[in-house]
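The sequence isn't on hand, but the structure is:
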Ligand SMILES: Nc1nc2c(ncn2[C@@H]2O[C@H](COP(=O)(O)OP(=O)(O)OP(=O)(O)O)[C@@H](O)[C@H]2O)c(=O)[nH]1
């Protein structure tokens, strides 16, 4: 048989307070089948009115027996139909009822009319025995159905009859299990008893009651269940009499039941509300039976309200947990364990709340609004993030609260907290992403704002403060916007990180700016010091270092005062400013020291230059001509003294204004070398340090000075030698006249020839012409120079050049004669060029042009010799240029 018992399309019209006689006929399968007119006339509006509207005082409704959804809950073998129950619960929408539902079960001997009673009482369609087949077991296991038209929602449970012969007399296991199950889940238990069994010692209901009371002991803190004894086939015996006998019987049975020590003196009323109702025989007085049933039905309306028929409902399970609860109770019963209802209640609450929480979480993860928000926040900041997310979360938390409202409060709360934690953990990455975007955006804003504000002329520090304040306010507003109502997430970490980023950026910009400023001021200082210091060192005057110190101080102070004014806007602490100022001072000092080192490296060159300058120039700074009158020794000494001065200046850095004896030592040691070496055995320069001069300030050590001086002397020796040679050559050139006595002798001895000449002037002309020719030949052939290399070489040179020179001379004289006969009106510019070439040919070699060569050029110009072509000039000019003047 299918666990779901399908009813035919028969419907029942249910009045508020009583059934119309016509309809009361239609409450069983059999009777309905015999009244087909119902299916066509009354049930066209099936399900239209809600069952919930039914009850005392409400309007009549049309309801179908299909609405009872009869389902087998536990089969004859004790197997629980979990799926069937789930389906049943879903169909009757039990989960929506919260605590507003009741469970009614019926127990009693087999074939005692239990199903018949339920069907009449609740308009269910439990299967009833077919009277024609005899008294056989109809209901196997436990069945459930929704009571039609009863408000609140009431579930009827039809239990398998006790003492049935199908299970055998000794098999009471299922009987006890089902009794315990019914007591555990029901608010009202109907106990069907035959009227004639009341007061009988061996009545069929006695073992049943015993079972009920015994199993009750197995429930820890049992709910107070209503035991409604329904006396069937009441007789003419007054109801009060029957009731007192029955109550007596019940007390006797309760007393006889074995109880644990703790419950020994506990009265039955602690566990049960005992109610008794008597019904006429259905078979014999059906009409009366139905009237009485209708009266009884009224007891089940609002059964759970205060004063209702239902028990105290202490252990009631919320409707959404009914299915699971029933399943678990049956499982515990089957395992023959004690049924701890309070613990069970907590367990059911725990499981159900967990299920509800899981369901809500699962719905959240697939929620369209959430998915959209999550995707959006991955891409960028979402304004109103907190509000949107809070609203989504609120929706699901509210749903949880609604569905879990009737479960154990503590469990509900604990599971809610778990759900909240889980949900918040789930959405937290999005919050983090949102704040990340916010932080990034604010930081970028800060950078832009700072860049724009820096050109406003305000101090850097105050600009940074202003921008930071605006940006942090921006971030705070953004983080408040992103705050999720259900979470107490603190954005302070993001804020701190943002602050750090801003500080770091501001610091880097500040350092960048400061570095630029420092570099610029260092450059300025370098430029201001380099050239003056270099020229002072090169000059190495008397107060070279004093001047350097002065210029260093002046430039450093100027630079520092400008720098200090510039960095005021950075509001740096004093220590930092002092450091930077000190660095600038050090830089200035380093520039000077570096220049000094550079110049010290070139000291030998400077000394030689100085020597050359002093040696080759007179007191008026005019180039010296070595005529033979100069005192070369004194000049050399002066020049060396001047060079030594340079050495003494470049020997050490003297920026600290400490007196030293370096110059004296150098002078005494190097200038008076001969005297020192002969007079004293102590060499002042035999050391690697100077007295009172630190190692850092030492540029040239004493030993190096000595070596340098030696090299200097050696390299300037040649210049002195050259001067001496030049002086001697000059003397030789100017001493060609014979001595006066020779001149006097020549005059006395040549008196006759002199007189001859005086008497005949033509001789003068001839002699003059010969002189001119001889002079021209002398110059042309550079006879003086030729003889400088020796008489033999001179003679050879003259003999080889004599003939070409005479020819050349004659040719030029011929040309001059020709020019005289054809004078040119103008002088070509090339003649000036020739002159300038000749005169300026040797300005750098300290040569003095031979005046005779200049004379030739002059005479050539004046006689318009340069009327000839440029080629001829080029030809003739080398001849003039070749007459190199003697070097001094
Ligand atoms: N005498 C008498 N018979 C009844 C009464 N109500 C029902 N019956 C009859 O008793 C028989 C059994 O009825 P069920 O309703 O099937 O009894 P049950 O207790 O549900 O039977 P199981 O489910 O098999 O235990 C049927 O033939 C009914 O007509 C009643 O009030 N008095």
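Now that the structure is in, tell me what you want to look at. Since this is a predicted model, take the numbers as computed values, not measurements.

what about the helices in the stretch 501-650 of the chain?
Along the stretch 501-650 of the chain, counting by DSSP state H, counting those that start in this stretch, helices occupy 544-567, 574-601, 603-616, 632-650.

helix or strand right after the last one?
Using DSSP states H and E, the helix or strand that follows helix 632-650 towards the C-terminus is helix 662-666.

re earlier: please name whichever of the helices of the stretch 501-650 of the chain is nearest to the ligand.
helix 574-601 (100.1 Å; Cβ to the nearest ligand atom). For glycine as for every other residue, the C-beta is placed from the backbone atoms N, C-alpha and C.

distance between that closest one and the chain's centre?
40 Å (Cα atoms, centre = their mean, to the nearest Å).

and it, what does it pack onto?
On a contact count with 3 or more Cβ pairs under 8 Å, 6 or more residues apart in numbering; DSSP states H and E, helix 574-601 meets helix 492-539, helix 544-567, helix 632-650.

and it, which residues are buried?
Buried residues in helix 574-601, counted by 16 or more other Cβ atoms under 10 Å: 577, 580-581, 584-585, 587-588, 591-593, 595-596, 599-600.

Closest one of these to residue 394?
Of all the buried residues of helix 574-601, residue 394 sits closest to residue 577, with 56.9 Å by Cβ to Cβ.

got the contact list for the closest residue in space to that closest one that isn't next to it in sequence?
In this structure, residue 577 finds its nearest non-sequential neighbour in residue 567, 6.6 Å apart by Cβ to Cβ, 6 or more residues apart in numbering. Residues counted as contacts of residue 567 (Cβ atoms under 8 Å, 6 or more residues apart in numbering) are 514, 517, 577, 580.

Could you export those as a markdown table, including pLDDT and distance to residue 92?
A markdown table is the format used below for the contacts of residue 567 (pLDDT from 0 to 100; distance: Cβ to Cβ, whole Å):
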| residue | pLDDT | distance to residue 92 |
| --- | --- | --- |
| 514 | 92 | 82 |
| 517 | 93 | 86 |
| 577 | 93 | 86 |
| 580 | 93 | 87 |
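
Report the two of these separated the most.
Between all members of these, the farthest pair (by Cβ to Cβ) comes out as 517 and 577, at 12.1 Å.

Just name the most buried of the helices and strands packed on helix 574-601.
Comparing those by mean neighbour count (mean count of other Cβ atoms under 10 Å), helix 632-650 comes out on top with a mean of 20.

Also compute the angle for that one relative to helix 544-567, please.
Between helix 632-650 and helix 544-567, the angle comes out at 30 degrees (axes from the mean of the first three to the mean of the last three Cα atoms, to 10 degrees).

So which elements touch helix 632-650?
Packed against helix 632-650 by the contact rule (3+ Cβ pairs under 8 Å, 6+ apart) you find helix 574-601, helix 603-616, helix 662-666, helix 702-733.

which stretches of the stretch 51-200 of the chain form strands?
Taking DSSP state E, counting those that start in this stretch as the test, the strands found in the stretch 51-200 of the chain are 61-64, 71-74, 101-107, 142-146, 153-159, 188-194.

Now the weakest link among those, please, by mean pLDDT.
The weakest mean pLDDT among those belongs to strand 61-64, with a mean of 51.

May I have the residues that are in contact with residue 410?
With contact set as Cβ under 8 Å, 6+ apart, residue 410 has no partners.

meant to ask about residue 809, not that
Residue 809 sits next to 773, 776-777, 780 when contact means Cβ under 8 Å, 6+ apart.

That one: which element?
Assigned by DSSP H and E, residue 809 falls within helix 791-821.

JSON lines for the helices of the stretch 501-650 of the chain, including distance to the ligand?
Listed next are the helices of the stretch 501-650 of the chain as JSON lines, based on distance: least, Cβ to the nearest ligand atom, whole Å:
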{"stretch": "helix 544-567", "distance to the ligand": "104"}
{"stretch": "helix 574-601", "distance to the ligand": "100"}
{"stretch": "helix 603-616", "distance to the ligand": "133"}
{"stretch": "helix 632-650", "distance to the ligand": "132"}
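
quick one on the thing from earlier: which among the contacts of residue 809 count as buried?
For the contacts of residue 809, buried by 16+ other Cβ under 10 Å: 776-777, 780.

what's the closest of those residues to residue 156?
Taking Cβ to Cβ as the measure, residue 780 is the one of those closest to residue 156, at 159.7 Å.

domains for this protein, by residue range?
By the assignment in automatic domain parsing, the chain contains the domains 11-337, 346-446, 515-601, 603-733, 753-881.

Reformat these as CSV; add distance to residue 479.
Listed next are those as CSV, based on distance: least, Cβ to Cβ, whole Å:
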stretch, distance to residue 479
domain 11-337, 39
domain 346-446, 6
domain 515-601, 29
domain 603-733, 58
domain 753-881, 82
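
returning to what we had before: present the strands of the stretch 51-200 of the chain as TSV; the columns should include distance to residue 627 and mean neighbour count.
As requested, the strands of the stretch 51-200 of the chain are exported to TSV (distance: least, Cβ to Cβ, whole Å; neighbours: other Cβ atoms under 10 Å):
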stretch	distance to residue 627	mean neighbour count
strand 61-64	154	20
strand 71-74	148	26
strand 101-107	145	26
strand 142-146	149	27
strand 153-159	146	26
strand 188-194	155	24
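
Please tabulate these in a markdown table, including the columns distance to residue 698.
Formatted as a markdown table, the strands of the stretch 51-200 of the chain follow (distance: least, Cβ to Cβ, whole Å):
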| stretch | distance to residue 698 |
| --- | --- |
| strand 61-64 | 121 |
| strand 71-74 | 112 |
| strand 101-107 | 109 |
| strand 142-146 | 114 |
| strand 153-159 | 111 |
| strand 188-194 | 118 |
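
ok, back up a step: tell me the one among the buried ones among the contacts of residue 809 nearest to residue 384.
Of these, the one sitting nearest to residue 384 (Cβ to Cβ) turns out to be residue 780, at 112.5 Å.

For that closest one, which non-adjacent residue is closest in space?
residue 805 (4.7 Å).

low-confidence ranges in the chain?
1-66, 130-137, 163-172, 201-204, 218-223, 311, 673-681, 736, 789, 819-888 (pLDDT under 70).

Next to the ligand, which bits of it? Give me the list.
Applying Cβ under 6 Å from any ligand atom, we find that the chain lies next to the ligand at 110-116, 128-129, 131, 137-139, 161, 232-233, 281-283, 289.

could you flag which of the residues you listed are buried?
With burial judged by 16+ other Cβ under 10 Å, the buried subset of these is 110-116, 128-129, 138-139, 161, 232-233, 282, 289.

Endpoints of stretch 746-765, how far apart?
This stretch, stretch 746-765, spans 22 Å end to end (Cα to Cα, to the nearest Å).

quick one: it to chain centroid distance?
Centroid separation for stretch 746-765 versus its chain: 119 Å, with Cα atoms, centre = their mean.

Pretty sure residue 671 sits against residue 644.
Yes: in this structure, residue 671 is within contact of residue 644 by Cβ atoms under 8 Å, at 6.1 Å.

what is in contact with these two at once?
Common contacts of residue 671 and residue 644 (Cβ under 8 Å, 6+ apart): none found.

Quick check: chain neighbours aside, which residue is closest to residue 270?
Residue 270 sits nearest to residue 224 (Cβ to Cβ, 6+ apart), 7.5 Å away.

contacting residues around that neighbour?
270-273, 311-312, 314.

Restricted to strands, list those residues.
Counting by DSSP state E, the part of the contacts of residue 224 found in strands is 272-273.

of all the contacts of residue 224, which comes closest to the ligand?
Nearest to the ligand among the contacts of residue 224 is residue 272, at 21.8 Å by Cβ to the nearest ligand atom.
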